[in-house]
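S.K.: sequence plus predicted model, see below.
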Amino acid sequence: MALKTPRLILLIFLMTMAACGPVREVVTPEPEVVDPTVSRTVSAMAEKEAMFDFFSTRFSGNAKIDNDNYSVSGTIRIQKDSAIYISVSPILGIELARLLVTPDSVHFVNRMEGTYFEGDVEFLNSLLNTRMDFHMLQALLVGNDFSRFSAENFELSQEREKLLLKGRGSIQQNILLDPASYKIMENHLYDQQANISIRAAYNRHQDLDGQELPQELVLTLTEGNTRSELSVRYNRSSINQPQSITFSVPDRYTPINN
């Protein structure tokens, strides 16, 4: 089945926007309030995070949206903490959509419909009544935890022979870790009030110049009774080899926000 609209790139985008703010409070708790076993586990996880200045990969796989399946491919380029570029196309097809996200701006071109959006994150958040976080999207794409958060809200247990860091609160984060490598196998966010769930599963990792990054990624978004899933394999991945991140809008395109 051909992908009629660039909904895959919107799926990636909306997964990030579905999170309603920080999952764990940005604090520096007193050492005695944190379970030392949890603290050691979180520290080990942080030490195993993928470190890079630039990440690039091509991807291919399938998207399931509204019970329809689509074959997809594309490119992801990340300049760490600065820019995320995503281009999406059907397998061996022309580009359908292009997305550029920075910490405070969003640029999106829908080539199928001849439309585009350019604006700041706050405008888009107010338009869609959501909260978008550039750093959350970056972490989900490369298999890292969200930075600059404390371990205070976590409890540690075992599940499926893996380590489970289980969060508490109205927005809950559960992280499933490989006990041998401390790499994230699953990162699950659940907003109880909005009844929105985002799950990132990393079924396989690859070594890139001594850094472990995902080779297979499954992103699942559940909102009420609606479920969308993106399952892709990263191909021809590289780190610290900068590539062009360009974005332009044809003159004939119509702005989405007008």
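M.R.: Arrived safely.

S.K.: okay, and Glu122 sits in which element?
M.R.: Using DSSP states H and E, the element containing Glu122 is helix 121-128.

S.K.: now that helix: average pLDDT?
M.R.: Averaged across helix 121-128, the pLDDT comes to 61.

S.K.: where exactly do the strands run in the stretch 51-200 of the chain?
M.R.: 54-65, 68-79, 83-90, 97-102, 105-110, 115-120, 154-159, 162-167, 171-177, 184-191, 196-208 (DSSP state E, counting those that start in this stretch).

S.K.: for Ser237, find the nearest of these.
M.R.: strand 54-65 (4.0 Å; CB to CB). C-beta here means a position set from N, CA and C on the backbone, and glycine is covered the same way.

S.K.: same list (the strands of the stretch 51-200 of the chain) but as a markdown table, adding mean neighbour count and distance to Ser244.
M.R.: Shown next, in a markdown table, are these (neighbours: other CB atoms under 10 Å; distance: least, CB to CB, whole Å):
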| stretch | mean neighbour count | distance to Ser244 |
| --- | --- | --- |
| strand 54-65 | 19 | 10 |
| strand 68-79 | 19 | 8 |
| strand 83-90 | 21 | 9 |
| strand 97-102 | 22 | 12 |
| strand 105-110 | 21 | 15 |
| strand 115-120 | 16 | 19 |
| strand 154-159 | 14 | 40 |
| strand 162-167 | 19 | 38 |
| strand 171-177 | 20 | 34 |
| strand 184-191 | 21 | 29 |
| strand 196-208 | 18 | 20 |
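
S.K.: any idea how many residues pack against Val42?
M.R.: Neighbour count of Val42, defined by other CB atoms under 10 Å: 23.
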